[in-house]
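>>> Could you work out the structure for the sequence below:
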Amino acid sequence: MALGRKREAAPVSSEQIDSTVPPSLRIAGAYSWRILLVVGVAGVVIFLIAQLKDIVVPLMVAVLVAALLVPLVNMLVRHRWPKPLAVAVAMVGTIAVVGGLIFVIVQQIRSGYPDLQDRSVKAYDDFKQFLAESPLQLDDKEIQAYIDQAFAAIQQDSQALVSGALSVGSTAGHVLAGLLLVIFATLFILIDGKGIWAWIVRLFPRRSRPALDGSGRAGWVTLTTFVKVQIFVAAVDAIGIGVGAWILGLVFGGFPLVIPIAIAVFLGSFIPVVGAVLTGAIAVFVALVYLGPFRALLMVGIVLLVQQVEGHILQPLVMGSAVKVHPLAVVFAVAAGSFLAGIPGALFAVPVIAVGNVMVKYIASGQWKTNPSPTAKDVLPDA
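As a prediction, this is how the structure comes out:
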């Protein structure tokens, strides 16, 4: 009976199974599940940020403003100013500057809008007459048909844009709340930013605190440098395009709304790569309406010249030393940020990438063991 039974197979251990898997496949598998875990966590974080955008966006704006104002407050404190007074001067001065810019824009647009509207209607009529007298010989019905087709094509592929336009009312109702959040968050960061950061660090395990604290300090140095450099780059763009528009008006008989255009370029330049180009298109449109096609082409040349100076001189020499991020990464970061979160995503893409890059490098290199309080020379030695 015993001889007739089949011999049972010996159980196979997990070690034997692992030994049959090629080492390259084991390594690939180990990398794969870790990558999937990181991507999953990043997806959850992005989802939570999208759900809490009305809180996250004002907080990030406050961090950027605080990164600009903290050096000013520290300088005033070093000159024996009481810290409350230094914080009050920085906050009131910032609000006054922003309020003054808004007031100038509103006043200039209110005074120039009626004439711009009349000129735009006249330019449109002249353009229709040009098409009618050209070899195309298009009449009003044909031109209107083409315009309707263009609008229909835009509406067909812009459901997100339409839904966003429908929610303008609710979004406008949040502007005041968001502005108040920015002011209060900036105020508390200026008053007790170190205490807030220390509280955040204490939320993590004790062994990871030194690395996290040092990386946060390194990221803050990068952020403050980025904000200062970005303001310089935006000012160069605004002055270049604004002065170019003023010279065209001086030579060819007047160029209205120069100051609002310069301010729009300054604000738009905070979105790298595309911001100044899009706002510079406003100057081209005004030149086309007031000065004609040839002068509009000259304005296009001025905008492109300013962009070339920014792209080939300011970005590599100044911004490159500030963020330590390759220009190609900047382009893709802005594209991804705008795809995920629109204008706020494009605005915060570069500082988030720059700060994250510095923090990861700081932790990976082990600098937190020997240099727990990095300075600008440690983080940005070429700056």
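
>>> the helices in the stretch 151-300 of the chain, which residues?
Secondary structure of the stretch 151-300 of the chain (DSSP state H, counting those that start in this stretch): helices at 159-166, 168-202, 209-252, 258-268, 275-291, 293-309.

>>> who wins for proximity to residue 365 among those helices?
Closest approach to residue 365 among the helices of the stretch 151-300 of the chain is made by helix 209-252 (10.3 Å; C-beta to C-beta). For the C-beta atoms, the positions are set from N, CA and C on the backbone; glycine is no exception.

>>> same question for that closest one, mean pLDDT?
Helix 209-252 carries an average pLDDT of 87.

>>> Now do it: distance to the chain's middle.
11 Å (C-alpha atoms, centre = their mean, to the nearest Å).

>>> Hey, what's the angle from it to helix 275-291? Just curious.
In terms of direction (axes from the mean of the first three to the mean of the last three C-alpha atoms, to 10 degrees), helix 209-252 departs from helix 275-291 by 10 degrees.

>>> Make residue 1 into 426 and carry on from there
Okay, using 426 as the starting number, the last item reads as helix 634-677.

>>> by how many degrees do helix 634-677 and helix 683-693 diverge?
Using the same axes, to 10 degrees: helix 634-677 against helix 683-693 is 160 degrees.

>>> Where is the longest helix in the protein?
Determined from DSSP state H, the single longest helix within the chain is helix 508-558.

>>> Quick one: list the elements packing against that helix.
helix 478-503, helix 565-581, helix 593-627, helix 683-693, helix 700-716 (3 or more C-beta pairs under 8 Å, 6 or more residues apart in numbering; DSSP states H and E).

>>> Quickly, which of those bottoms out on average pLDDT?
Across the helices and strands packed on helix 508-558, the lowest-scoring stretch is helix 565-581, with a mean of 64.

>>> Residue 765: neighbour count?
14 (other C-beta atoms under 10 Å).

>>> related to what we said a few turns ago, how about the helices and strands packed on helix 508-558, which one is nearest residue 544?
Closest to residue 544 of the helices and strands packed on helix 508-558 is helix 700-716 (C-beta to C-beta; 4.6 Å).

>>> buried stuff in that closest one?
Neighbour counts using 16 or more other C-beta atoms under 10 Å place 700-702, 704-705, 707-716 of helix 700-716 among the buried residues.

>>> Likewise for stretch 719-738?
So for stretch 719-738, counting by 16+ other C-beta under 10 Å, buried means 720, 721, 723, 724, 725, 727, 728, 731, 732, 735.

>>> What sits closest to the second one if chain neighbours are left out?
Read it as residue 721. What sits nearest to residue 721 in space, not counting adjacent residues and going by C-beta to C-beta, 6 or more residues apart in numbering, is residue 713, at 3.8 Å.

>>> Give me the local confidence score for residue 557.
67.

>>> Residue 686 contacts residue 671, correct?
No - in this structure residue 686 lies outside contact range of residue 671 using C-beta atoms under 8 Å: 9.7 Å.

>>> Please say which of the two ends up with more neighbours.
Shown here are residue 686 and residue 671; by other C-beta under 10 Å, residue 686 has more neighbours (26 against 15).

>>> The more buried one: what's its closest spatial neighbour, skipping adjacent residues?
Residue 686's closest residue in space is residue 708 (C-beta to C-beta, 6+ apart), at 4.9 Å.

>>> ok, now residue 644?
residue 780 (4.0 Å).

>>> okay, now the closest residue to residue 727 other than its chain neighbours: neighbour count?
Nearest residue to residue 727, sequence neighbours excluded (C-beta to C-beta, 6+ apart): residue 669, at 3.5 Å. With neighbours defined by other C-beta under 10 Å, the count for residue 669 comes to 23.

>>> next one: the one 10 residues further on
Burial of residue 679, expressed as a neighbour count using other C-beta under 10 Å, amounts to 11.

>>> Surely it is in contact with residue 712?
No - counting by C-beta under 8 Å, residue 679 does not reach residue 712; the two are 10.9 Å apart.

>>> quick revisit: which of the helices of the stretch 576-725 of the chain sits closest to residue 453?
Proximity to residue 453 (C-beta to C-beta) singles out helix 634-677 among the helices of the stretch 576-725 of the chain, at 28.4 Å.

>>> Could you figure out how far the closest one is turned away from helix 478-503?
Using the same axes, to 10 degrees: helix 634-677 against helix 478-503 is 90 degrees.

>>> tilt between helix 634-677 and helix 718-734?
Angle, helix 634-677 to helix 718-734, by the same axes, to 10 degrees: 150 degrees.

>>> Now do the same contact list for the nearest residue to residue 494 once chain neighbours are set aside.
Take residue 494 and drop its neighbours on the chain: the residue closest to it by C-beta to C-beta, 6+ apart is residue 515, 4.5 Å away. Applying C-beta atoms under 8 Å, 6 or more residues apart in numbering, we find residue 515 in contact with 494, 497, 498, 501, 615.

>>> Swap in 7 Å and give it another go.
Applying C-beta atoms under 7 Å, 6 or more residues apart in numbering to residue 515 gives the contacts 494, 497, 498, 615.

>>> What of residue 485?
Contacts of residue 485 by C-beta under 7 Å, 6+ apart are residue 773.

>>> how close does it sit to residue 700?
17 Å (C-beta to C-beta, to the nearest Å).

>>> Fine by me, we can end here.
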